[in-house]
Every structure is written in structure tokens, then in C-alpha cells.
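J.: this is a predicted model, with the sequence first.
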Amino acid sequence: MEQLNLRHLYYFWVISREGSIAKASDVLELAPQTLSGQLATFEASIGGRLFLRENRKLILTDLGRFILGYADDIFALTGALTETLRSGPADRPLALSAGISASIHKLIVYYLLQPAMAIDRPIQLECQTGRTQGLILSLKRKELDVVLTDRMPGIQKEANLTVHPIGSSSISLFAAPALAQRLKPGLPASLNGEPFLANATDVPYFERLMNWFSLNGVRMNLVARVDDSALIKVFGREGFGVFAAPTVIRDEVCRQYEVEHLLAIDDVTDELFAITRGSRLSHEGVRAICEARTDFRNTKNTSKKSM
């Protein structure tokens, strides 16, 4: 056979990791028809089929599994080499591109990024906010180094991504002063029937919070879903309803948005995750973020007036 085409091998590797031509096309930014043609060309060059199609799924053949083992090693090494070369000399600022889920509270983001900013090297930080799935796609395209999110994504093992738990905090409830003064004497029963502003209904803690309400005989009136950590507080400040936020930033939330703390719910926690490519943490800044797991439940609220 002719010399192996590494681009075709990479296309095959991405397809096997993503599990379908369609998903791989999104990552590679190629039309599905183009990618299918490239795969067919690669199969012809090696003299065998790499996938079988069963119930609209791609199943690796024995040849496909054999080649995938080599491809995993090749692209793990090239990925590590790319990160090393990208880091450059130690006296040059290290570029760090972080994707931030819009629903994470911004002071929490600061806590999560702080370990990277504290390494013995200047950091050139770039942050991009958005929805978790869109940020994961950017991560796969190597447009981001890490994604920080407050929801556990449904990532297939084949997707070449790793999820790192990096922090947690109990949840507290807040409201505008007039509403808070009316509710405080009878908590938690006084919450029954009151308007509730949900940060997002697909974050894991939302279901746990609803269960906590139910166990305490509370049925709140869900009036809005706001997948933006700052905007939901503005609605809360204007008296549109009760909202939830991590207890660790309680003082900052009350000061900045002129709301009052109602109660902390230790049984309900907000879990935070970092998502990276592969299992090796070659990027020094990303490694610092992933290894500095913080239990905010045991962290004293240190919000500063200047933040």
C-alpha cells in the first residue's frame, strides 16, 4: 500500500471517538458527504472496512479496532506535543482559553480560575461564555483548552474528553428586601405558592432543590427560567421572585444586588466540573484548575467589596 495518509487516519479517529459521521462532521467542520468520501478513500487505501452499520450505528470492525489502538497512541502523543510547543518558553505568557457555562456565577468562576492565575508563569487568559454543549464542541475543535460547567455532560467514553470534579457549594435562597421580610418569619413553609426564578432547570441541583421543597411541603410557582447567572439576580432584585445561588457567594450576592439571604440548604449542592481533551493534563494552567478541587461548603465566604 501507499504511505499512510495521516489526515485520513485522523478523520477515522474522530469518527470512532464521536460515534457517527454527523457528530464527527461538526467537530471537523466538514460536510457529512465529504467526510464519508474521505473515510471510503481511507478504507480503499488500507484494503478493508473499518466500520459496519447496524441500526444506524457505526460498529468498528476487527480491522477498525486494530487501527484505532495505534491511532489513540499517535494522536495522544501529537496532542501532548502540540500543548508543549504551544506553551513556549517559561518567560513567555501562557495562553489559556477557557469556556465558561453562562449559568455559573461569576465570582465562582473567579475562584475556579484562580489556581491557573497563581502558577509561576504569566497567564494570558481568554474566557468565552455560552451553553455547555456549544463549548464542548469548541473544545473538541481545539478552540478552547478547558470548559467549566455546573452540569455533568453526557459524554461518551469514545469522545476523548475527560470530566474532572473541581468544586461544590451548598445552595442558598435570596429575595428582594420587601419579599424577604414577608417570608422570613415562616420559613420554609412561607415559600409555598411564592414565585421562583430558576437559574436553569437542567442543572443537577435543580431537581435536588425541587425535592427539598417537596419534602418540606413547599410548592413554589416557577415564573421564569433564566440561564444567566447575573440576569437572574437582577430579576430577583426587582422583586420578581425568590432565586437560588451558591452559599459561598452569599455576602457578595446580597451586597451587589441589594437582596437578602433567606436560608442556606446544606442538603442541596451545586457541583462544578472541568472538561478537558484526553486524560493527560499537559497544559500547566488547566492542570492547576483540575487539581485544585475546592469544597466551597467548607470555605469561608470571602467576597470582597471591590469584586
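T.: Alright, I've got the coordinates. Nothing here was measured: the structure is a model prediction, and the numbers come from that model.

J.: what residue is smack in the middle of this protein?
T.: The centroid of the chain falls nearest to residue 149 when counting by Cα atoms, centre = their mean (2.7 Å).

J.: that one and residue 276 touch, don't they?
T.: No - contact criterion Cβ atoms under 8 Å: residue 149 and residue 276 do not qualify, at 11.8 Å. In this view, the C-beta of every residue, glycine as well, is placed from N, C-alpha and C.

J.: show me which residues of stretch 44-63 are buried.
T.: Buried residues in stretch 44-63, counted by 16 or more other Cβ atoms under 10 Å: 46, 49-51, 58, 60.

J.: now stretch 176-183
T.: Judged by neighbour count using 16+ other Cβ under 10 Å, the buried positions of stretch 176-183 are 176, 179-180, 183.

J.: quick one, what contacts the closest residue to residue 174 other than its chain neighbours?
T.: Closest residue to residue 174 apart from its sequence neighbours, by Cβ to Cβ, 6 or more residues apart in numbering: residue 259 at 4.6 Å. The contact partners of residue 259, by Cβ atoms under 8 Å, 6 or more residues apart in numbering, come to 174-177, 180, 233, 236-237, 253.

J.: can I get those residues in JSON lines with pLDDT and distance to residue 197?
T.: Formatted as JSON lines, these follow (pLDDT from 0 to 100; distance: Cβ to Cβ, whole Å):
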{"residue": "174", "pLDDT": "98", "distance to residue 197": "10"}
{"residue": "175", "pLDDT": "97", "distance to residue 197": "10"}
{"residue": "176", "pLDDT": "97", "distance to residue 197": "11"}
{"residue": "177", "pLDDT": "97", "distance to residue 197": "16"}
{"residue": "180", "pLDDT": "97", "distance to residue 197": "14"}
{"residue": "233", "pLDDT": "93", "distance to residue 197": "9"}
{"residue": "236", "pLDDT": "96", "distance to residue 197": "6"}
{"residue": "237", "pLDDT": "96", "distance to residue 197": "11"}
{"residue": "253", "pLDDT": "94", "distance to residue 197": "13"}
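
J.: can you give me how far stretch 231-240 is from the chain middle?
T.: 25 Å (Cα atoms, centre = their mean, to the nearest Å).

J.: make that stretch 249-264, sorry
T.: 25 Å.

J.: start and end of it, how far apart?
T.: 11 Å (Cα to Cα, to the nearest Å).

J.: only the buried residues of it, if you could.
T.: 249-250, 252-254, 256-257, 259-262, 264.

J.: what of stretch 20-31?
T.: 21, 23-25, 27-28, 30.

J.: ok, residues contacting that stretch?
T.: Contacts of stretch 20-31 (Cβ under 8 Å, 6+ apart): 11, 14-15, 17-18, 32, 34-36, 38-39, 57-58, 137, 140-141.

J.: distance of residue 3 relative to residue 27?
T.: In this structure, residue 3 and residue 27 are 25 Å apart, going by Cβ to Cβ, to the nearest Å.

J.: coming back round to it: and the buried residues of stretch 44-63 as CSV, adding secondary structure, pLDDT and distance to residue 129?
T.: Listed next are these as CSV, based on DSSP: H, G, I helix; E, B strand; the rest coil; pLDDT from 0 to 100; distance: Cβ to Cβ, whole Å:
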residue, secondary structure, pLDDT, distance to residue 129
46, helix, 89, 43
49, coil, 92, 43
50, coil, 93, 38
51, strand, 92, 37
58, strand, 90, 33
60, strand, 92, 37
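
J.: farthest-apart pair in those, please.
T.: The largest separation in the buried residues of stretch 44-63, counting by Cβ to Cβ, is between 46 and 58 at 16.7 Å.

J.: where along the stretch 51-200 of the chain do the helices fall?
T.: With helices called from DSSP state H, counting those that start in this stretch, the stretch 51-200 of the chain shows them at 62-87, 106-117, 132-140, 177-183.

J.: for those helices, give me a markdown table that also has distance to residue 212.
T.: What follows is the helices of the stretch 51-200 of the chain, written out as a markdown table (distance: least, Cβ to Cβ, whole Å):
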| stretch | distance to residue 212 |
| --- | --- |
| helix 62-87 | 42 |
| helix 106-117 | 21 |
| helix 132-140 | 24 |
| helix 177-183 | 16 |
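
J.: lowest average pLDDT across these?
T.: The minimum mean pLDDT among these belongs to helix 62-87 (a mean of 82).

J.: quick one: list the elements packing against that helix.
T.: When contacts are defined as 3 or more Cβ pairs under 8 Å, 6 or more residues apart in numbering; DSSP states H and E, helix 62-87 sits against helix 6-18.
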